[in-house]
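Undergrad: No sequence on hand, only this structure:
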């Protein structure tokens, strides 16, 4: 009798887990499905794309990728995107860590006021800046240059907030120990605080990198010549598709290949660093 | 569980200040500069402030000037704003943005909360994998998301219509009718935005100390009571931050609309961002568009204030 009780209990447990998990697994599948469909469509030959819906392609071709690479300066756009995103990540992390450290660990007049000034600027819509900045870029005649692509996104408050939250929980004993050993405040920041802030740095790097890689409106505006487009802006040519689906229009394979070329670098970057990202997000904890 | 910080105005490395005689009156700046710490702090903060002044403050002032003038640079007072009140296209875009937020924000929040609770529960092994899967949409750009979903909605190539055809119904041309296009865009936005809700709420749940649940269980509280009386109060501030961010994101999407409907059919899927972008850069009326920007700013601040007021209830200290 005891035996059967254990069995029912096990069965109930299993049922409960199953009931809880099947929606979870379903959501996870649906979540990734559009991405899967994008990749699958990008490697299907045109006639398979148009004739039917099969979840696993019976024939794989790289033609769409070849067409996209042959028709566009992909290499140049890729370089533009990489240079821009990496510079923005480096620059805004430097600015953010310096300011975040000062706001969290140092006492100076106006500290709270400056913090709230920075935080309130988080709510200003980006649309607000775009017209004046665009006019500014035209006046300075720096359209079609890395300067116009990199400088405006540098002034981001998010890394300041991220580092401040992280440095707030930095133990004072370490700071005092560093001071005893003759470290200046800046030395403490550089040699003690910053190395310990690695989770925050990596989480910030991932978010800022993907944010900039994917940004669309600003690079679209400042790139007049084709050679100064970033990857998403350049590839947008392929996304103008017929939405009625009446004709036997081709171009869907190319569109999906183009979109995959835009998406893959950030996805790979994220998957390589996801461990640190999750660690950073849960540790920094963004205090409530 | 608060982190010890900044309790005394002078502690640690600043303690030496206590022994310094107050300086003679020589102006506030001289006073500030007297201390090495202040000079260092200033040096650390000035680069960020300069960048913000250049990229945020200057545009705000410039926008203020744009609103009050017309294309010829003549001062016209509030005419741009009053003109906006009778602009039916603007009204349509504003209503569309709000409608979208009203649908997308609660759905994403509930979905995010449910998933966060599920991943946080003891049933979830290998949390890192689940978290990674769930936040992947955050890594994809609006254009990519839009193009991907456009194929999904395609009447013959897409999969959204497969269940309908299996049931013997006519496939829907989702993006060609105003109503279905709205639903379709809401689904894309939920897909794109709810990972943010999940991430923030998961981080919030991680702040809840586990031992309070054990204490509650000892006192005979049901799980439901524990959730309602302990978890919810703990994550409320995070919930309001998530609400504000989701509201901002969902009213402001432009890439997904550009890639799916391009504002169509007609002007049925114009939102505020789309309107502002078209007005500034296609119709070349940045002065008039700035008035719409101000309305958007006000809308965000009002919504933010409401969310903070009604959702952000700090835990009572015991």
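TA: Cool, got the structure. Please read all numbers here as calculations on a predicted model, not as lab measurements. Numbering: from 1, shown residues only, chains lettered A, B, ... in the order given.
Undergrad: In stretch A:71-91, which residues are buried?
TA: Residues of stretch A:71-91 classed as buried by neighbour count (16 or more other Cβ atoms under 10 Å in any protein chain shown): A:72, A:74, A:77, A:78, A:80, A:81, A:84, A:85, A:87, A:88, A:89, A:91. Every C-beta, even on glycine, is put in place using the N, C-alpha and C of the backbone.
Undergrad: now do stretch B:274-285
TA: Within stretch B:274-285, the residues that qualify as buried are B:274, B:275, B:276, B:277, B:278, B:279, B:280, B:281, B:285, counting by 16+ other Cβ under 10 Å.
Undergrad: Could you tell me the end-to-end distance of it?
TA: Stretch B:274-285 stretches 14 Å from its first residue to its last (Cα to Cα, to the nearest Å).
Undergrad: Equivalent analysis for stretch B:156-175, please.
TA: This stretch, stretch B:156-175, spans 13 Å end to end (Cα to Cα).
Undergrad: Only the buried residues of that stretch, if you could.
TA: Of the residues in stretch B:156-175, those buried (16+ other Cβ under 10 Å) are B:156, B:157, B:158, B:160, B:161, B:172, B:173, B:174, B:175.
Undergrad: Any residue of it touching chain A?
TA: Yes. Using Cβ under 8 Å from any Cβ of the partner chain, stretch B:156-175 reaches chain A at B:156, B:157, B:159, B:162, B:173, B:175.
Undergrad: Among these, which pair sits farthest apart?
TA: Of all pairs drawn from these, the widest gap by Cβ to Cβ lies between B:162 and B:175 and measures 16.7 Å.
Undergrad: ok, back up a step: save the buried residues of stretch B:274-285 as CSV, and put in secondary structure too.
TA: CSV is the format used below for those (DSSP: H, G, I helix; E, B strand; the rest coil):
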residue, secondary structure
B:274, helix
B:275, helix
B:276, helix
B:277, helix
B:278, helix
B:279, helix
B:280, helix
B:281, helix
B:285, coil
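Undergrad: For those, name the two members farthest from one another.
TA: Distance extremes for the buried residues of stretch B:274-285: the farthest pair is B:274 and B:285 at 14.6 Å, using Cβ to Cβ.
Undergrad: Look up how far residue B:34 lies from residue B:28.
TA: 11 Å (Cβ to Cβ, to the nearest Å).
Undergrad: Looking at the two, which is more packed in?
TA: residue B:34 (13 against 9; other Cβ atoms under 10 Å in any protein chain shown).
Undergrad: Helix, strand, or coil at residue B:169?
TA: coil.
Undergrad: what residues are up against the residue lying closest to residue A:184 once chain neighbours are set aside?
TA: Nearest non-adjacent residue to residue A:184, counting by Cβ to Cβ, 6 or more residues apart in numbering or on different chains: residue B:40, 7.7 Å away. Taking Cβ atoms under 8 Å, 6 or more residues apart in numbering or on different chains as the contact definition, residue B:40 lies against A:102, A:106, A:184, A:185, A:186.
Undergrad: Repeat the analysis, applying 10 Å as the threshold.
TA: A:101, A:102, A:106, A:108, A:184, A:185, A:186, A:189 (Cβ atoms under 10 Å, 6 or more residues apart in numbering or on different chains).
Undergrad: Quick one: residues contacting residue B:93.
TA: With Cβ under 10 Å, 6+ apart, residue B:93 has these contacts: B:87, B:263, B:267, B:269-276, B:278-279, B:292, B:296.
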